[in-house]
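Chemist: Here is the input, now give the coordinates:
(chains A and B)
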Amino acid sequence: MSQHEGYLRQFALEIMDTYRLEIKDATVAYNRVPAIHHLNLEIEGGHCVALMGPNGAGKTTLLKTIAGLLRVETGEITFHGHGLKGVAHEIAYLPQREQVDWDFPITVRSLVEMGCYMRLGWWRRFGVEDERAVERAIAAMHLESLADRQISALSGGQQQRAFLARSLAQKARIFLLDEPFAGLDRPSQESLARTVRELAGAGYIVIASHHDLKNVADFFDQMIFLNGELIAFGDSATVFTDENIARTFDTEVFSGKHA
Amino acid sequence: MNWLTEPFHHEFMQRALLGCALIGFTNGYLSAFIVLRRLALMADALSHSLLPGLAVGILLFGFTPVSVFAGGLVAAMLVALGSELISRSSRIKEETALAVLYTLAFSAGIVLLSFAHVQVELEHYLFGNILGLSNSDLWITYFISLTILPALVALQRPLLVMLFEPSVARSQGVPVVALNYLLVTFLVLAMISSLQAVGVILALGLLVAPAATVYLFSDSCPALFWGGGVVGAVGSCMGLLISYWLNIPAGACIVLLLGLTFFAAYICSPRYGVFRHLYNRRHLHEESLSRWRGKAGRAAGAAASGPEGK
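Modeler: The predicted model follows:
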């Protein structure tokens, strides 16, 4: 076991043994027009899940809903049995790269410290324990030598790892990544995929929207096929079939007025 | 050397310097938030919409610092909230609504002022009159500084998260909308406090230039906040003194000085200035040299360690 995996395990030890994200009958709508229809999913800790679907299939909508940014019209989402309110810091949402202001005056270390602020709230003291969490998160994502760099002075893959380090320091259990592989070259993609698999191996849930059919089966061990409604969900080996791909990508996105 | 210490002997100058330090620091500290949240255009619009508020305040309650304060605050908040309302309830975008509303307000102010018969005093608010600072003006300045600074320091964490990524902040339970309104309120308050120093038209300079200057030097948010405050305070006091020595208008001198400081930073900053590559060339060369040596060393089987790749 390499050293950074050791750091990851240290974070993971603080995770409860078994936990699951349950989505029951969830419908999410914009102005009464649903983007996701009556979705049922159950994801357990230790999996990295690809969220596949054509444009407009509701991938970002689903991620934002789990992050608590959008309200469900029907159904409910629970995390180890509780509603999403009150466990906000256990869920980390990483927006698409274009959403981030890369010129923001912040270094990798301050970015990771920001993760602690989310957990500590507005005024609780930033203690020695939190400093250790920051160092460990930076080490787990191999960013030690880059910790004092401004975030635009990193490569695309390093930027993704910096945001993952922040989520670790935040002590998130669920990582929601919106198109994390977009705009990365092959080596960076593979290194990020390794990181993501390590996170899952340490017991976290990673859900990432993805659209590249060529590498999805190598990068993720579970898949969600989404097209307005759920087409298929399960282990990559069983659900990554031509039939599911065709049903997801070759049919029109199902969207109608919600009754 | 008599001329150097002379301004400090006059009571009106001492008062003005104190006012400048307070106003400059508060505006400078807040300017970091304006720069990071990209509110500069909104601040410009709101500074112009203070004018009708001043006019109405004077018409209704006479010419007192409090009527000016209240009038300005109400007018600017109406314009800010009005543009928000229009952009949310129609397809009009916020900056469009803001532009329409603030020019409407400004022109209403000009019309109202023709009824007010206070042209001379009003000029003080258009261009500033720091030397005429009264006790009640100072009290208002104290009040504004003591409202804004502690609140911004106390709310630093949620504000930082919100400035960086509003959507992530919202997912973490930060009340983004409320904090935004608070920032806009502070912006208007800070502008009212700087009316006395530099006037309606130049208030924006004091509220943007300090942090814009520090932004070219630093990659740390606390440095941007406190550095902006220091640049604002020192710049305002220096501007005031220079204006005294050269006998030129104080408000213009302050903003001129802050503007020139920004320009100097834009040219000379070793990190983000236009000529940064002149400073950095040596460093880059050293790095590539050491990497090259590291490679050569590894090839020879020695344990030479260059900096990490990429």
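
Chemist: Point to the helix or strand of the chain where mean pLDDT is at its lowest.
Modeler: All of this is about chain A. Using mean pLDDT, DSSP states H and E, the weakest-scoring helix or strand in chain A turns out to be helix A:3-13, at a mean of 67.

Chemist: and the residue of the stretch 151-259 of chain A nearest chain B?
Modeler: A:Ser155 (5.5 Å; C-beta to the nearest C-beta). Yep, even glycine has a C-beta here, placed from its N, CA and C like the rest.

Chemist: Determine the number of other residues adjacent to that residue.
Modeler: Counted with other C-beta atoms under 10 Å in any protein chain shown, residues neighbouring A:Ser155 total 15.

Chemist: Isn't it up against A:Ser188?
Modeler: Yes: counting by C-beta atoms under 8 Å, A:Ser155 touches A:Ser188, with 6.6 Å between them.

Chemist: and stretch B:176-191 with chain A, contact?
Modeler: No: shown here: stretch B:176-191 not in contact with chain A (C-beta under 8 Å from any C-beta of the partner chain), separated by at least 10.6 Å.

Chemist: now what about that stretch, what contacts it?
Modeler: Stretch B:176-191 has contacts (C-beta atoms under 8 Å, 6 or more residues apart in numbering or on different chains) with B:26-27, B:30, B:33-34, B:37, B:39, B:42-43, B:46-47, B:50, B:72-73, B:76-77, B:80, B:144, B:147-148, B:151-152, B:155, B:158-159, B:162, B:166, B:169-170, B:203-204, B:207.

Chemist: overlap between those and the residues near chain A?
Modeler: B:155, B:158, B:170.

Chemist: now, among the residues you listed, which is nearest to A:His82?
Modeler: B:Arg170 (19.7 Å; C-beta to C-beta).

Chemist: Now the closest one: which helix or strand?
Modeler: Assigned by DSSP states H and E, B:Arg170 belongs to helix B:166-171.

Chemist: Wasn't A:Phe233 part of a strand?
Modeler: Yes: assessed with DSSP: H, G, I helix; E, B strand; the rest coil, A:Phe233 lies in a strand.

Chemist: isn't it right up against A:Met223?
Modeler: Yes: using C-beta under 8 Å, A:Phe233 is in contact with A:Met223, at 7.1 Å.

Chemist: where do the contact lists of these two overlap?
Modeler: Listed as contacting both A:Phe233 and A:Met223 by C-beta under 8 Å, 6+ apart are A:Val239.

Chemist: Looking at these two, which is more packed in?
Modeler: Neighbour count, other C-beta under 10 Å: between A:Phe233 and A:Met223, A:Met223 has more, with 25 against 19.

Chemist: That one: which element?
Modeler: Using DSSP H and E, A:Met223 maps to strand A:222-227.

Chemist: Within the sheet, what are the partner strands of that strand, with directions?
Modeler: strand A:48-52 (parallel), strand A:229-235 (antiparallel) (DSSP bridges).

Chemist: Now that we have the ones next to chain A among the contacts of stretch B:176-191, which of them are buried?
Modeler: Buried members of those, scored by 16 or more other C-beta atoms under 10 Å in any protein chain shown, are B:155, B:158, B:170.

Chemist: Can you report phi and psi for the residue lying closest to the second one once chain neighbours are set aside?
Modeler: Once flanking residues are discounted, B:Pro158 sits nearest to B:Val174: 4.6 Å by C-beta to C-beta, 6 or more residues apart in numbering or on different chains. Note on B:Val174: backbone dihedrals following degrees, to the nearest 10 are phi -80, psi 130.

Chemist: what does the one 4 residues further on give?
Modeler: Its backbone dihedrals place B:Ala178 at phi -60, psi -40, with angles given as degrees, to the nearest 10.

Chemist: and the contacts of stretch B:176-191, which of them are in helices?
Modeler: Among those, the members found in helices (DSSP state H) are B:26-27, B:30, B:33-34, B:37, B:42-43, B:46-47, B:50, B:72-73, B:76-77, B:80, B:144, B:147-148, B:151-152, B:158-159, B:162, B:166, B:169-170, B:203-204, B:207.

Chemist: Regarding the residue most central in space within chain A, what is its secondary structure?
Modeler: Centroid-nearest residue in chain A, with C-alpha atoms, centre = their mean: A:Leu176, separated by 1.8 Å. Per three-state DSSP, the secondary structure class of A:Leu176 is strand.

Chemist: now A:Val28
Modeler: Counting by three-state DSSP, the backbone at A:Val28 sits in strand.

Chemist: List the beta-bridge partners for it.
Modeler: For A:Val28, the beta-bridge partners are A:Ile36 (DSSP bridges).

Chemist: What's the local residue count around it?
Modeler: 22.

Chemist: Hmm, it is touching A:Leu70, no?
Modeler: Yes: here A:Val28 reaches A:Leu70: they are 5.4 Å apart, a contact under C-beta under 8 Å.

Chemist: Overlap of the contact sets of the two?
Modeler: Common neighbours of A:Val28 and A:Leu70, using C-beta under 8 Å, 6+ apart, are A:Thr61.

Chemist: Which residue is the nearest non-sequential neighbour of B:Ile110?
Modeler: B:Leu51 (7.4 Å).

Chemist: residue contacts, the one you found?
Modeler: B:75, B:105-106, B:109-110, B:113, B:126, B:200.

Chemist: ok so, going back, just the ones next to chain A among the contacts of stretch B:176-191 now: which is nearest B:Ile254?
Modeler: Looking across those and measuring by C-beta to C-beta, the closest to B:Ile254 is B:Leu155, at 28.1 Å.

Chemist: The closest one and B:Tyr142, how far apart?
Modeler: Applying C-beta to C-beta, to the nearest Å, the value for B:Leu155 to B:Tyr142 is 20 Å.

Chemist: so how far is the host helix or strand of B:Ser87 off the chain centroid?
Modeler: Using DSSP H and E, B:Ser87 maps to helix B:65-89. Counting by C-alpha atoms, centre = their mean, to the nearest Å, helix B:65-89 is centred 19 Å from the centre of its parent chain.

Chemist: buried subset of the contacts of B:Leu51?
Modeler: For these, a neighbour count by 16+ other C-beta under 10 Å gives the buried set as B:75, B:105-106, B:109, B:113, B:200.

Chemist: Any chance of a markdown table for those, columns distance to A:Arg136 and pLDDT?
Modeler: Supplementary listing: the buried ones among the contacts of B:Leu51 in a markdown table, determined by distance: C-beta to C-beta, whole Å; pLDDT from 0 to 100:
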| residue | distance to A:Arg136 | pLDDT |
| --- | --- | --- |
| B:Ala75 | 52 | 92 |
| B:Ala105 | 54 | 91 |
| B:Phe106 | 55 | 88 |
| B:Gly109 | 58 | 84 |
| B:Leu113 | 63 | 78 |
| B:Val200 | 52 | 81 |
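
Chemist: List just the nearest of those residues to chain A.
Modeler: The closest of the buried ones among the contacts of B:Leu51 to chain A turns out to be B:Val200 (C-beta to the nearest C-beta; 29.9 Å).

Chemist: where in the chain is pLDDT low?
Modeler: Because you didn't say which chain, this covers chain A. A:1-6, A:9-18, A:251-259 (pLDDT under 70).

Chemist: Chain B was what I was after
Modeler: Residues of chain B meeting the criterion pLDDT under 70: B:1, B:116-121, B:277, B:279-288, B:295-310.

Chemist: Which residue lies nearest the spatial centre of it?
Modeler: B:Leu207 (1.7 Å).

Chemist: By proximity to chain A, which residue of the stretch 1-150 of chain B wins?
Modeler: Closest to chain A within the stretch 1-150 of chain B is B:Leu36: 7.0 Å, counting by C-beta to the nearest C-beta.

Chemist: okay, now that residue: neighbour count?
Modeler: Residue neighbour count, defined by other C-beta under 10 Å, stands at 23 for B:Leu36.

Chemist: quick one, phi psi at B:Gln172?
Modeler: Backbone torsions for B:Gln172, taken as degrees, to the nearest 10, come to phi -90, psi 10.

Chemist: try A:Leu143
Modeler: Dihedral angles of A:Leu143 (phi, psi; degrees, to the nearest 10) stand at phi -110, psi 10.

Chemist: same deal with the one 4 residues further on?
Modeler: The main-chain torsion angles of A:Ala147 are listed as degrees, to the nearest 10 and equal phi -60, psi -30.
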